[in-house]
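J.: here is a sequence with its predicted model. Questions after.
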Amino acid sequence: MNLPRSTAAPARPALSSTQESPLARWLLIGLAGLFAAVFLLLPLANVFAQAFSAGLAAYRETLAERDTVAAIRLTLLVAAISVPLNVVFGVAASWAIAKFDFRGKAVLLTFIDLPFSVSPVVAGLMFVLLCGANGLLGRWLEAHGLAIIFAVPGMVLATMFVTFPFVARELIPIMQDQGREQEEAALTLGAGGWQTFWHVSLPSVKWGLFYGVILCNARAMGEYGAVSVVSSRIAGKTDTLPLRVEKLYNDFSHPAAPFAVATLLALLALVTLAVKTYLQWKSRREGA
């Protein structure tokens, strides 16, 4: 017995999002490349061009100035204090959030994201209202001879506030994707809590940790808004590199000087991008 043939047309395979026409692909690539060239590469190239516009000798002289050297040292000091503290907090917070269930987990996540939604200037103002001369803790700090605002400790606190989400936000999704099976197996085999952390949990997120550290360090060294509020901007004492760039820019006697100092921050950004790319490649290679 002959069955009637279906008159319906055969189903066509669904087109994937990447099966666009060559014209559409090249148009999108061209727009992305044009945007990157105009808004990223061109300003970056202009910074270096302006920095060397007065010659190599003037460039070296600007970077060798006493106030510029002091700004470099202070920037490195603030980053050297704030980044390790944020690493400790980020690792502890991400481990607790990803591996344990407890009350207040959602609140902790909200606090971690808070610096992303608060302006750095507002963050600096909060520390002024808390630790300033007329602030909540101002009289107690003054009575004990502790200078926080308009001093290095206040700059460190402001930098820590704006940078502490970076490490935690890199590690939380990685630890959540890994689950708890490895830690539970280690505990079952007799490992202690610290042994499980150092030999199981931490090695499995090392590339994400390195990535979070370099992002945190780059933001710490380039922070301007919060630091400018809590810093007295004393040349040679409480000027970081971003503050030094602003001062030199407002001083019209040496037009190339602010760009010379800005090249240090630009080089930091380029190094951060290179390290980020390397870590992503290394992570994919080990995961393959």
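T.: Perfect, I can see it now. Numbering: from 1, shown residues only.
J.: where in the stretch 51-200 of the chain is pLDDT low?
T.: Within the stretch 51-200 of the chain, no stretch has pLDDT under 70.
J.: tell me how far residue 226 lies from residue 94.
T.: Between residue 226 and residue 94 the computed distance is 23 Å (C-beta to C-beta, to the nearest Å). All C-beta spots, glycine's among them, are computed from the backbone N, C-alpha and C.
J.: correction: residue 122
T.: 26 Å.
J.: over to residue 240?
T.: Relative to residue 94, and taking C-beta to C-beta, residue 240 is found at 28 Å.
J.: repeat that for residue 117.
T.: Distance from residue 117 to residue 94, by C-beta to C-beta: 19 Å.
J.: which of the two has more neighbours?
T.: residue 94 (26 against 8; other C-beta atoms under 10 Å).
J.: and for residue 172, the neighbour number?
T.: Around residue 172 there are 22 residues (other C-beta under 10 Å).
J.: quick one, helices of the stretch 101-250 of the chain?
T.: Along the stretch 101-250 of the chain, the segments classed as helices by DSSP state H, counting those that start in this stretch run 105-117, 120-131, 138-143, 152-163, 165-178, 181-188, 193-196, 202-204, 206-222, 225-230, 241-250.
J.: what residues of the last one count as buried?
T.: Pointing back at helix 241-250 there. 241, 242, 243, 244, 245, 247, 248 (16 or more other C-beta atoms under 10 Å).
J.: over to the third one?
T.: Across helix 138-143, burial judged by 16+ other C-beta under 10 Å covers 138, 141.
J.: quick one: residues in contact with that helix.
T.: 131, 132, 133, 147, 148 (C-beta atoms under 8 Å, 6 or more residues apart in numbering).
J.: one more time with 6 Å, if that's ok
T.: 132, 148 (C-beta atoms under 6 Å, 6 or more residues apart in numbering).
J.: tell me how far it is from the chain's mean position?
T.: 33 Å (C-alpha atoms, centre = their mean, to the nearest Å).
J.: look up how far residue 98 lies from residue 180.
T.: Distance from residue 180 to residue 98, by C-beta to C-beta: 8 Å.
J.: my error: substitute residue 36 in the last question.
T.: 34 Å.
J.: kindly report the same for residue 141.
T.: 37 Å.
J.: ok, now residue 226?
T.: When residue 226 is compared with residue 98 (using C-beta to C-beta), they lie 28 Å apart.
J.: higher neighbour count, those two?
T.: For residue 226 and residue 98, the more surrounded residue by other C-beta under 10 Å is residue 226, and the numbers stand at 28 against 21.
J.: now do the contacts for that one.
T.: Applying C-beta under 6 Å, 6+ apart, the residues near residue 226 are 120, 123, 124, 158, 162.
J.: check the contact between the fourth one and residue 230; I expect there is one.
T.: Yes: the pair residue 158 and residue 230 qualifies as a contact (C-beta atoms under 6 Å) at a distance of 4.8 Å.
J.: what touches both of the two?
T.: 124, 127.
J.: what's the local residue count around the nearest residue to residue 147 once chain neighbours are set aside?
T.: Nearest non-adjacent residue to residue 147, counting by C-beta to C-beta, 6 or more residues apart in numbering: residue 153, 7.1 Å away. Residue crowding around residue 153 was assessed by other C-beta under 10 Å; the count is 17.
J.: thank you, goodbye.
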